[in-house]
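Trainee: need a structure here:
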Amino acid sequence: MSLTIYQVDAFTDQPFAGNPAAVCLLPAPRDEAWMQNVAREMNLSETAFLHPEKEGWGLRWFTPAVEVAL
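Mentor: Predicted structure coming up:
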């Protein structure tokens, strides 16, 4: 499966400022181990995984080491 991962500058309106984070849009939920491996590979403070749900989006955040409880 091929996925697009975006790197964004969060918490800023200036390019190359703020906190870099990865955002991965998924067609469906993925297992925790897979998401943790992607976050480790991205090696940014945070990697967000979004997938469509009935009434919006599911969201999970991971650091390279652990999932962040929202």
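Trainee: how about the helices in the chain?
Mentor: 32-42 (DSSP state H).
Trainee: Show the low-confidence segments of it, by residue range.
Mentor: For the chain, the stretches with pLDDT under 70 are 1.
Trainee: Please spell out which residue in it sits farthest from the middle.
Mentor: Gln14 (20.5 Å; C-alpha atoms, centre = their mean).
Trainee: In this structure, which residue is most central in space?
Mentor: Ala48 (1.8 Å).
Trainee: List the beta-bridge partners for that residue.
Mentor: Here Ala48 sits in beta bridges with Val23, Trp61, as judged by DSSP bridges.
Trainee: That one: what's it in contact with?
Mentor: Ala21, Ala22, Val23, Cys24, Leu59, Arg60, Trp61 (C-beta atoms under 8 Å, 6 or more residues apart in numbering). C-beta here means a position set from N, CA and C on the backbone, and glycine is covered the same way.
Trainee: ok, it to Ala39 distance?
Mentor: Separation of Ala48 from Ala39 (C-beta to C-beta, to the nearest Å): 9 Å.
Trainee: who touches both of the two?
Mentor: Ala22.
Trainee: got the contact list for Leu59?
Mentor: Neighbour list for Leu59: Ala48, Phe49, Leu50, Leu70 [criterion: C-beta under 8 Å, 6+ apart].
Trainee: Kindly present those residues as TSV, with separate columns for distance to Glu32.
Mentor: As requested, the contacts of Leu59 are exported to TSV (distance: C-beta to C-beta, whole Å):
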residue	distance to Glu32
Ala48	14
Phe49	10
Leu50	15
Leu70	14
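Trainee: Show the buried residues in these.
Mentor: Neighbour counting with 16 or more other C-beta atoms under 10 Å marks Ala48, Phe49 as buried within the contacts of Leu59.
Trainee: and which of the contacts of Leu59 is nearest to Ala33?
Mentor: Checking the contacts of Leu59 against Ala33 with C-beta to C-beta, the nearest one is Phe49 at 12.5 Å.
Trainee: didn't the closest one look like it was pressed against Asp31?
Mentor: No: applying C-beta atoms under 8 Å, one finds Phe49 not in contact with Asp31, separated by 10.9 Å.
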